[in-house]
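> what follows is a predicted protein model with its sequence.
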Amino acid sequence: MGTREYPSLPVVGVGGVVVVDAGVVLVKRRNSPLAGRWSLPGGVVEVGESLHDALRRELHEEIGIEARVGPLIELFDRITHDSQGRVQYHYVLADYLCHVVAGSLRPGSDAGMVAVADPANLSPYDLTKTTGEVIASGLALR
């Protein structure tokens, strides 16, 4: 696998807006980028893996659930520059609406904490603007 920091090519990632009852699942990330920040669960696509397979694997590893992957919510990039202006991270991210089919929520792999958040009150989680928009778009697809 190529390096995620200062990559020579963009890294493909997947994320899930996982609906539980009336809430949405958020994880507090352990690793960069966004270490220590709340975000959607997900991760990097491995070579030979489809986007849906990657997301199902990541949701199982990161939050302990088996999920049904629904429609694509948004495809976007997240590019982070260092203090010298060099590209430190470059992800192309595909976020999908997901529903739990088995398992129980628990933090694992990259997730330090897991929460089911009220979509009407996400301010305590200090999400990025894009994450908030993806959640709103995903919930509108339900």
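Received it, and whenever you're ready, just let me know what you need.
> mind listing what the residue of the chain most remote from its centre touches?
Distance to the chain centre peaks in the chain at Gln84, reaching 27.2 Å (criterion: C-alpha atoms, centre = their mean). Contacts for Gln84 (C-beta atoms under 8 Å, 6 or more residues apart in numbering) come out as none. From N, CA and C alone the C-beta is placed, and that goes for glycine too.
> what separation do you get for it and Tyr91?
According to C-beta to C-beta, to the nearest Å, Gln84 and Tyr91 sit 20 Å apart.
> one more: Ser104?
29 Å.
> those two - which one has more neighbours?
Tyr91 (18 against 8; other C-beta atoms under 10 Å).
> need phi/psi at the more buried one.
Taking degrees, to the nearest 10, you get phi -110, psi 140 for the backbone angles of Tyr91.
> got the contact list for it?
10-13, 33, 77-79.
> swap in 10 Å and give it another go.
Tyr91 makes contacts with 4, 7, 10-13, 15, 33, 44, 76-80, as judged by C-beta atoms under 10 Å, 6 or more residues apart in numbering.
> kindly report the same for Ala22.
Ala22 sits next to 116, 118-120, 139 when contact means C-beta under 10 Å, 6+ apart.
> now Tyr6
So Tyr6 contacts 82, 86-90 (C-beta under 10 Å, 6+ apart).
> switch to 7 Å and redo it
Neighbouring residues of Tyr6 by C-beta atoms under 7 Å, 6 or more residues apart in numbering: 86, 88.
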